[in-house]
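Undergrad: I need the structure of the sequence given here:
(2 chains)
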Amino acid sequence: MLPKGTTFLTSWIPFKHISRNSNTVPRWLVEKHRTNSLAKAIGAPGVAVDDASTPEKDEKPLDLPYDFRNKYTDFLPDPTFWKRDKLAEKLERTDMIRRRQIVSIPEFYVGSILAVTASDPHSSTKSNRFVGICIQRSGHGLRHCFTLRNIVDGLGVEIMYEMYNPTIQKIEVLKLEKRLDYDLTYLRDSLSEYSTVPFDMKPVQLPPGADVPVNDVKVELKPRPWSQRWERKELKGIKPLNLHPVFEARTKKDAKPWEKWDLMKQYRQSIHEDDQKEIYKDVSRHEHELESSRERVKGSKKLRKGQLNVSTEKNEK
Amino acid sequence: MIEQAFTTSLFRIEGYAHHVAETRQYAERLIQQAVKHGDRHSQTMQNADYWLNEKDLVHKLFKVFVPRYEKSQGPYTQLHMFTPELPGPERKVCVLEMKGHPYPSLLPAQRNFSKSLSNVLLEVARKEYYKKKAQTILEQTKTTTKETA
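TA: The predicted structure follows:
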């Protein structure tokens, strides 16, 4: 018998209780959503559908662009099923688009070089500009963050910016490119030449309509010890490590090669295409609005310069 | 893994609930990918090659199941739960089968008893009851309207 008043750690976890099946969706919950009358009314996919009937929608099927998931990673919600809330996601998206109308958030990837100007009340010019290489992108929705790394006076500096933080005044992409990995955290354990970016770097122009170039540079890591076990991460962007064979044996022992083939794990960690299409509707509308506003600005500039021929009634007569 | 052993069959599988439920997920996902991407998609082909030990089943997946399930929405498999095989562990025996299969069904055909005497009499009695009820409600509304007017 345990002494009276013993509390276990599990009682401090914010869940009501953690049961053996807490990673499963109970049958009553699935039925509740499958037979939901509100979902039926809006014609949500997979709700109370008979085997014989086929889904016939009036509107044209929306084609998702191939790179939508990579270009707008912040718009994709957390795939954990008990965190999904369509209404909350929709409201969050409207807020994100409102912010994007004020500050242009360009397309960038891990490996691109960015310059972020944020407001700093303690500096003489009330802003602070940091240039660095993007090593990581994390978070969903309004909480999406990206980390910029640079070496300043021989000291490695990383700043994690929240993309929708209102104190950010400007985000510029100095060099748009991709790398061989989606996470460049290993730059912390690499030679400093791979993380140094000059603060006065000029933006690199890409030919219009070109694909995002992939920089296949292989980074040389410093000798061990490292902050993480890079030899186990299957990194493509690093030079051969040339470690003792024991490391390879240990990696093989701890490896999980079946995870690559785990269909359900991949499915649960991804957002369904139907939900992606819902998100893309808002995003594409925002893109169209931006394009039209840009054209208006171009047109007005040309008018002022006298380059645009505007036909008026007087001229026609 | 268990799923790999089960999905080699792709017709009818018998087992305990937790095994069969998990197998169902993987089988459905594989078929969904095959339907969506077709047999020219490298990732789908690799997945089919990994999960289906017998290679003629890969052919069956793309040539038989994909055209069968192209237009349908919803689960491609049917899960039947039966009673535990006592004496034995207290676990429901489940059978997983593909929908639209040409073999005889596991469940008995649903018999229609609506033409039996007692049901016919009950149906008539039900109709008479509701007819009477409707008449009484109508009379009540007429009286209330008269009073208000």
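Undergrad: quick one: secondary structure of residue 128?
TA: This is for chain A. Put simply, A:Asn128 is strand when judged by DSSP: H, G, I helix; E, B strand; the rest coil.
Undergrad: doesn't A:Thr117 make contact with it?
TA: Yes - A:Asn128 is within contact range of A:Thr117, at 7.2 Å (criterion: C-beta atoms under 8 Å). Every residue, glycine included, has its C-beta placed from N, CA and C.
Undergrad: Contacts only, for the residue of chain B found nearest chain A.
TA: Residue of chain B nearest chain A, by C-beta to the nearest C-beta: B:Arg29 (4.3 Å). Residues in contact with B:Arg29 (C-beta atoms under 8 Å, 6 or more residues apart in numbering or on different chains) are A:Leu263, A:Met264, A:Tyr267.
Undergrad: filter those residues to the buried ones?
TA: Using 16 or more other C-beta atoms under 10 Å in any protein chain shown as the burial test, the contacts of B:Arg29 include A:Leu263, A:Tyr267 as buried.
Undergrad: From the contacts of B:Arg29, which land in helices?
TA: A:Leu263, A:Met264, A:Tyr267 (DSSP state H).
Undergrad: Adding distance to chain B and pLDDT, write those out as TSV.
TA: Output for these, formatted as TSV (distance: C-beta to the nearest C-beta, whole Å; pLDDT from 0 to 100):
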residue	distance to chain B	pLDDT
A:Leu263	4	93
A:Met264	5	92
A:Tyr267	6	94
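Undergrad: gap between A:Gln228 and B:Leu106?
TA: Relative to B:Leu106, A:Gln228 is positioned 52 Å away (C-beta to C-beta, to the nearest Å).
Undergrad: brain fart, A:Lys256
TA: For A:Lys256, the distance to B:Leu106 equals 37 Å [C-beta to C-beta].
Undergrad: who has more neighbours, these two?
TA: B:Leu106 (11 against 7; other C-beta atoms under 10 Å in any protein chain shown).
Undergrad: May I ask you to confirm that A:Ala118 belongs to a strand?
TA: Yes - the assignment for A:Ala118 by three-state DSSP puts it in a strand.
Undergrad: Go ahead and confirm A:Gln228 touches A:Thr185.
TA: Yes - with contact defined as C-beta under 8 Å, A:Gln228 counts as touching A:Thr185 (7.1 Å).
Undergrad: And those two? Which one has more around it.
TA: It is A:Thr185, of A:Gln228 and A:Thr185, that has more neighbours when counted by other C-beta under 10 Å, with 18 against 11.
Undergrad: so where do the strands sit in the stretch 51-200 of chain A?
TA: With DSSP state E, counting those that start in this stretch as the criterion, the stretch 51-200 of chain A has strands at A:113-119, A:127-138, A:145-152, A:155-162, A:168-175, A:178-179.
Undergrad: Reformat those into CSV and put mean pLDDT and mean neighbour count next to each item.
TA: Compiled in CSV, these are given as follows (pLDDT from 0 to 100; neighbours: other C-beta atoms under 10 Å in any protein chain shown):
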stretch, mean pLDDT, mean neighbour count
strand A:113-119, 97, 18
strand A:127-138, 97, 18
strand A:145-152, 98, 19
strand A:155-162, 98, 14
strand A:168-175, 97, 17
strand A:178-179, 96, 20
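Undergrad: so which of those strands comes closest to A:Ile271?
TA: For A:Ile271, the closest of the strands of the stretch 51-200 of chain A is strand A:127-138, at 15.7 Å, according to C-beta to C-beta.
Undergrad: Please name the strands paired to the closest one in the sheet, noting orientation.
TA: The pairing partners recorded for strand A:127-138 under DSSP bridges are strand A:113-119 (antiparallel), strand A:145-152 (antiparallel).
Undergrad: What angle do strand A:168-175 and it make with each other?
TA: Strand A:127-138 and strand A:168-175 are oriented at 70 degrees to each other (axes from the mean of the first three to the mean of the last three C-alpha atoms, to 10 degrees).
Undergrad: Other residues contacting strand A:127-138?
TA: A:73, A:108-120, A:144-150, A:157-160, A:169, A:174, A:183-185, A:187, A:195, A:197-199, A:201.
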